[in-house]
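In: Based on what follows, work out the 3D shape:
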Amino acid sequence: MSRVKTGEPSGATLISVFPAGPVVRCRAFQAGDRFHPAISQSDLQAAAGVVVWPMAEFEADDALAAAAVVAARDAGVERVIICTPDKDLAQCVWGTRVVQLNRRTRFTLDERGVIQKFGVSPESIPDYLALVGDSADGYPGLRGWGAKSSAAILAKFIHLESIPADWREWHMNAAHASALANTLNRELDRALLFRTLATLRTDIPLFEDVDQLRWNGPHPLSTRSLHDWTLQERSPAEYLFAAAERTMMEF
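Out: Next up, the predicted model:
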């Protein structure tokens, strides 16, 4: 968005994703009101020519994951960069073709980087988050399962259901292994629920061709929109960009 504002030439693809109502994870696990619909904001973004994906049932992270899968299949796409530091998006990283970028630090994670950071491969990220929890998404994980123990055990067993119930069958040096096994055995159903919450959906039909996402400039503005902007003593472009930036996701 900043590149568009400053007039920097680019084949910019600008996409806004917002919840249009309670999503599936909110119904599965009540952890507070985390969803704030922004219908008027989406109207402004659409007027700016931005592709808008209203999520009636899923979340923005699901849309990012689904979009990354489609884009990665396109032979014309050199690399897919997911611009968010959110932990759960690390499950989408694939080799060096699909990577995760923290735009604030400018640090990029490819598959090797995910393993170095979390101690597990991208396919184990939902299992890892199920054990350690994710405060950003509102589920606590399992008591006693910290980052180190979770990473060490999942690095060997990959998924929760592959972890033997008897810790003596782990054949590894894990601190408090007996207590960890007891907790996992007792709360396995809860852990599997958390993994479901952490697993992003990649089967959401959003687009068929990446060219559909290209930004081609704003759409004509209505008289009412211009009147509203005039009342706020800001130019249409200034108000539009200010509103759009609040939930903008750039690919």
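
In: In the stretch 151-251 of the chain, what residue spans correspond to strands?
Out: Secondary structure of the stretch 151-251 of the chain by DSSP state E, counting those that start in this stretch: the strands cover 248-250.

In: okay, and for it, where does confidence drop off?
Out: 219-251 (pLDDT under 70).

In: how does it look with 50?
Out: 223, 226, 229-231, 233, 236, 244-251 (pLDDT under 50).

In: ranges for the helices of it?
Out: Counting by DSSP state H, counting those that start in this stretch, one finds helices in the stretch 151-251 of the chain at the ranges 177-186, 188-198, 223-231, 236-245.

In: what about dumping the CA coordinates of the first one to CSV?
Out: This means helix 177-186. The C-alpha trace of helix 177-186 is given here as CSV (Å, rounded to 0.1, in the frame of the first residue of the first chain):
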residue,chain,number,x,y,z
ALA,A,177,8.9,-37.1,30.2
SER,A,178,6.5,-39.1,32.5
ALA,A,179,4.6,-36.0,33.4
LEU,A,180,4.4,-34.8,29.8
ALA,A,181,3.1,-38.2,28.7
ASN,A,182,0.5,-38.3,31.5
THR,A,183,-0.7,-34.8,30.5
LEU,A,184,-0.9,-35.6,26.8
ASN,A,185,-2.7,-38.9,27.4
ARG,A,186,-5.2,-37.2,29.7
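
In: Checking my notes, Val52 in a strand, right?
Out: Yes. Under DSSP: H, G, I helix; E, B strand; the rest coil, Val52 sits within a strand.

In: Check the gap between it and Asp209 for me.
Out: 17 Å (CB to CB, to the nearest Å). (Each C-beta comes from the backbone N, C-alpha and C, glycine too.)

In: cool, and Asn102?
Out: 28 Å.

In: can you give me the angle the lengthiest helix in the chain makes with helix 188-198?
Out: When the chain is parsed with DSSP state H, its longest helix is helix 60-73. Angle of helix 60-73 versus helix 188-198, following axes from the mean of the first three to the mean of the last three CA atoms, to 10 degrees, is 60 degrees.

In: Which elements pack onto helix 60-73?
Out: Applying 3 or more CB pairs under 8 Å, 6 or more residues apart in numbering; DSSP states H and E, one finds that helix 60-73 contacts strand 14-19, strand 51-55, strand 80-82.

In: Quick check: mean pLDDT of it?
Out: Averaging pLDDT along helix 60-73 gives 93.

In: got the angle between that helix and strand 51-55?
Out: Going by the same axes, to 10 degrees, helix 60-73 makes 130 degrees with strand 51-55.

In: Pull out the buried residues from helix 60-73.
Out: Using 16 or more other CB atoms under 10 Å as the burial criterion, the residues of helix 60-73 that qualify are Ala60, Asp61, Asp62, Ala63, Leu64, Ala65, Ala66, Ala67, Ala68, Val69, Val70, Ala71.

In: List the residues that contact the third one.
Out: By CB atoms under 8 Å, 6 or more residues apart in numbering, the residues touching Asp62 are Met55, Leu200, Arg201, Thr202, Ile204.

In: which of those residues are buried?
Out: Of these, these count as buried by 16+ other CB under 10 Å: Met55, Leu200, Thr202, Ile204.

In: Closest one to Pro122 out of those residues, please.
Out: Leu200 (11.0 Å; CB to CB).

In: Quick check: phi and psi at the nearest residue to Asn102 once chain neighbours are set aside.
Out: Nearest-residue entry for Asn102: Pro85, 4.2 Å, with adjacent residues in sequence omitted and distances by CB to CB, 6 or more residues apart in numbering. The phi/psi pair for Pro85 (degrees, to the nearest 10) reads phi -90, psi 0.

In: In contact with Pro85, which residues are there?
Out: Gln100, Asn102, Arg104, Thr105.

In: Kindly report the same for Gly76.
Out: Here Gly76 is in contact with Val210 (criterion: CB under 8 Å, 6+ apart).

In: Same check on Gln212?
Out: Neighbours of Gln212 in contact, by CB under 8 Å, 6+ apart: Val51.
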